[in-house]
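Enquirer: would you be able to build a 3D model of this:
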Amino acid sequence: MILSKNPLWQFSRPHTMIGTTLSVLGILGVFLAETQRISDSVLWVLGIALVSCLLANVYIVGLNQLTDVAIDRINKPYLPLAQGTLQPEQARWIVGVCGGVALGLALLQGGFLWGTVLVSILIGTAYSLPPLRLKRFSGWASLCILVVRGVVVNLGLYGYFAQALAPSVIWPPRLLALTVFMVIFGIVIALFKDIPDTVGDKLNNIQTLSVQWGRTVVFRLCIVFLVLDYLGLMAFGLGTTFWSPAGIVLLIASHVLLLGWLGYQSRTVSQFTEFYQFIWRLFYLEYLLFPLTCLL
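Expert: I've put the predicted structure just below:
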């Protein structure tokens, strides 16, 4: 309870930190399932990836808040910069240090981890900062999120683990299937995150799809994308031989349950902000469930 009220904790946007942590752990799980390699250095390699990715995460979400203070006072008044519990000068220091340390730590590892952190930070910077400020445009904003969350993190981290723990880097079909799944999920997150923020976005001339098409249309579009995403992953599992019998049973059963949960939540939604957090929980769960189906 005390932690939840801490300005630094709020500034880090905990739900994104959880997602980043689970994505690192999930990709390691897929790597271990595919290669069956257990190395003495796996914890060290994992630790470096976690620290550098989490620091990069704080840089990205912190920079976004620094450039959105006026908008957040309307859309998200609970954030520390918007309510004044954290000062812009302090936030700039936090963002600068986190970004610098993340890049420095990743550079020491070289190769895939350096590329993953660097590309993520560059895209995050272009997303928030003028003159590009890509978040103003719904298409570019969606592309930023799905490229980082869907492609860069999955392929980059798998390449890093393979580079550090195995003799070669080959991206297996199941990882590519997860990547496609997360790209579509990234589109949904990018579209849905703007639904609760239409008032502030309109006042600041941020032309998101929710502003242009209306909340209801975008909400329904997001649900359709998620349903197709789950069905596509299940179809891939049933149509291939990459999983063990136990793994495919868990894959199908768990995703049928998630589809049912999604259907129930979409029919009973009362606040878009709460449903957005629910979508993030589905995102987290995939990085737990998918590697588990691969490990069985």
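Enquirer: residue contacts, I187?
Expert: Remark: with contacts taken as C-beta atoms under 8 Å, 6 or more residues apart in numbering, I187 is in contact with 142, 145-146, 225. (Each C-beta comes from the backbone N, C-alpha and C, glycine too.)
Enquirer: which of those has the most neighbours?
Expert: Using other C-beta atoms under 10 Å as the contact criterion, the top neighbour count among the contacts of I187 goes to I145, which has 23 neighbours.
Enquirer: ranges for the strands of the stretch 151-296 of the chain?
Expert: Secondary structure of the stretch 151-296 of the chain, counting by DSSP state E, counting those that start in this stretch: no strands present.
Enquirer: before we move on, the earlier item: out of the contacts of I187, who's nearest R92?
Expert: Ranking the contacts of I187 by separation from R92, with C-beta to C-beta as the measure, puts I145 on top at 23.5 Å.
Enquirer: which strand or helix spans that closest one?
Expert: According to DSSP states H and E, I145 maps onto helix 138-146.
Enquirer: I'd like to know which elements that helix is packed against.
Expert: Judged by 3 or more C-beta pairs under 8 Å, 6 or more residues apart in numbering; DSSP states H and E, helix 138-146 is in contact with helix 111-128, helix 173-192.
Enquirer: next, the angle from the longest one to helix 138-146.
Expert: Counting by axes from the mean of the first three to the mean of the last three C-alpha atoms, to 10 degrees, helix 173-192 lies at 140 degrees to helix 138-146.
Enquirer: so which bits of helix 173-192 are buried?
Expert: Residues of helix 173-192 classed as buried: 174-175, 177-192 (neighbour count, 16 or more other C-beta atoms under 10 Å).
Enquirer: before we move on, the earlier item: return the alpha-carbon coordinates of the helix holding I145 using CSV.
Expert: Backbone C-alpha positions of helix 138-146 (Å, rounded to 0.1, in the frame of the first residue of the first chain) are rendered in CSV as follows:
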residue,chain,number,x,y,z
SER,A,138,-2.6,6.8,-34.3
GLY,A,139,-0.9,4.7,-37.0
TRP,A,140,2.6,5.6,-36.0
ALA,A,141,1.8,5.3,-32.3
SER,A,142,0.5,1.8,-32.8
LEU,A,143,3.5,0.9,-34.9
CYS,A,144,5.9,2.1,-32.1
ILE,A,145,4.2,-0.1,-29.5
LEU,A,146,3.8,-3.3,-31.6
